[in-house]
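[1] what shape does this take:
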Amino acid sequence: MKRCSTCGEEKSTDSFTNNRSREDGKATQCKSCVKKYRREYRLKNEEKLDLKSKEYVKALEPWYIAQVLRMPLSQLTPELIELKRAQLEMTRLTKQLKKEIQNGN
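    Numbers count the residues shown, from 1 in each chain. Next up, the predicted model:
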């Protein structure tokens, strides 16, 4: 049994993730508190995280795109790079739209 540093509840060690740097080998926060924190953070910082996602797609390196497409870098054309970036942007927008539909917006 271990006490969560956030909610203060006594829980079994299965309710904590592993953390090798800790003496007991377990994290200080229980899984449910971490999940709750991450959900709240995502809701609070949605625009910031969305912008980060957009920047990531724009910054995709050609060597990475070639690896994803499983083709040599020498065969990668600027058109293919733009198509892959557009595909990733569409995936991001689809996920965002699904989330809005689920939330009833």
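
[2] and after the helix or strand bottoming out on mean pLDDT in the chain, which helix or strand comes next?
    For the chain, counting by mean pLDDT, DSSP states H and E, helix 46-58 ranks last in confidence among helices and strands (a mean of 79). Using DSSP states H and E, the helix or strand that follows helix 46-58 in sequence is helix 62-69.

[3] and the lengthiest helix in the chain, what does it pack against?
    Ranked by residue count, the top helix of the chain under DSSP state H comes out as helix 78-103. Secondary-structure packing of helix 78-103 (3 or more CB pairs under 8 Å, 6 or more residues apart in numbering; DSSP states H and E): helix 46-58, helix 62-69. In short, each C-beta sits where N, CA and C put it, glycine included.

[4] and for the last one, what's in contact with it?
    It stands for helix 62-69. Helix 62-69 has contacts (CB atoms under 8 Å, 6 or more residues apart in numbering) with 72, 73, 75, 76, 80, 81, 84, 85.

[5] care to break this protein down by domain?
    Per automatic domain parsing, the structural domains of the chain span 2-37, 46-103.

[6] may I see the buried residues of stretch 63-79?
    65, 66, 76 (16 or more other CB atoms under 10 Å).

[7] now the end-to-end length of it.
    Length of stretch 63-79, first residue to last, CA to CA, to the nearest Å: 14 Å.
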